[in-house]
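>>> quick one: sequence plus predicted model below, questions after.
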Amino acid sequence: MHVCPECENPLTFAEDEVDEGEIVLCEECGVQYEVVNTDPIELSKVEESGYDESAIAFTDEEEE
């Protein structure tokens with residue numbers, strides 16, 4: 001059984017059904033972990049990116 005390092009609650013997921021690259025969510029605190037290895041199961045915390053979609057500006061101007 002894996003435990004969330006942030007809140008120390010058990011992470012509930014079917015260890016024999018996850019693939020590398022899948023995201024596991026801690027249902028208690030909402031932290032996301034990526035499965036980086038399946039034998040043995042190894043998880044890595046998904047860091048929030050500094051990417052802010054609301055900061056992108058689109059224009060209708062055409063280049064001349």
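Cool, got the structure. What you see is a predicted model, and the numbers here were worked out from it, not measured in a lab. Residues are numbered from 1 along each chain as shown.
>>> show me the contacts for the residue lying closest to residue 4 once chain neighbours are set aside.
Computed as C-beta to C-beta, 6 or more residues apart in numbering, the closest residue to residue 4 that is not its neighbour in sequence is residue 26, at 4.2 Å. Heads up, the C-betas are built off the backbone N, CA and C, glycines and all. The contact partners of residue 26, taken as C-beta atoms under 8 Å, 6 or more residues apart in numbering, are 4, 6, 7, 9, 11, 32, 33.
>>> and those residues, which are buried?
Buried members of those, scored by 16 or more other C-beta atoms under 10 Å, are 4, 11, 33.
>>> ok so, going back, and the furthest pair within the contacts of residue 26?
9 and 32 (14.1 Å; C-beta to C-beta).
>>> so residue 31 sits against residue 45, correct?
Yes: between residue 31 and residue 45 there is a contact under C-beta atoms under 8 Å: 6.4 Å.
>>> quick check: neighbours shared by the two?
Common neighbours of residue 31 and residue 45 (C-beta under 8 Å, 6+ apart) are residue 6.
>>> looking at these two, which one has more neighbours?
residue 31 (16 against 13; other C-beta atoms under 10 Å).
>>> okay, that one: pLDDT?
Reading off the confidence values, residue 31 has pLDDT 95.
>>> how distant is the strand ranked longest in the chain from the center of its chain?
For the chain, the strand with the greatest residue count under DSSP state E is strand 32-38. Computed by C-alpha atoms, centre = their mean, to the nearest Å, the chain-centroid distance of strand 32-38 equals 8 Å.
>>> got it, and stretch 10-27?
10 Å.
>>> now that stretch: buried residues?
By neighbour count on 16+ other C-beta under 10 Å, the buried set for stretch 10-27 is 11, 13, 24, 26.
>>> got the end-to-end distance for that stretch?
9 Å (C-alpha to C-alpha, to the nearest Å).
>>> could you pull up the mean pLDDT of it?
Mean predicted lDDT for stretch 10-27 stands at 94.
>>> what is the burial count for residue 5?
A count of nearby residues for residue 5, using other C-beta under 10 Å, gives 12.
>>> gap between the residue lying closest to it once chain neighbours are set aside and residue 19?
Among residues not flanking residue 5 along the chain, residue 45 sits closest, at 7.6 Å (C-beta to C-beta, 6+ apart). Separation of residue 45 from residue 19 (C-beta to C-beta, to the nearest Å): 18 Å.
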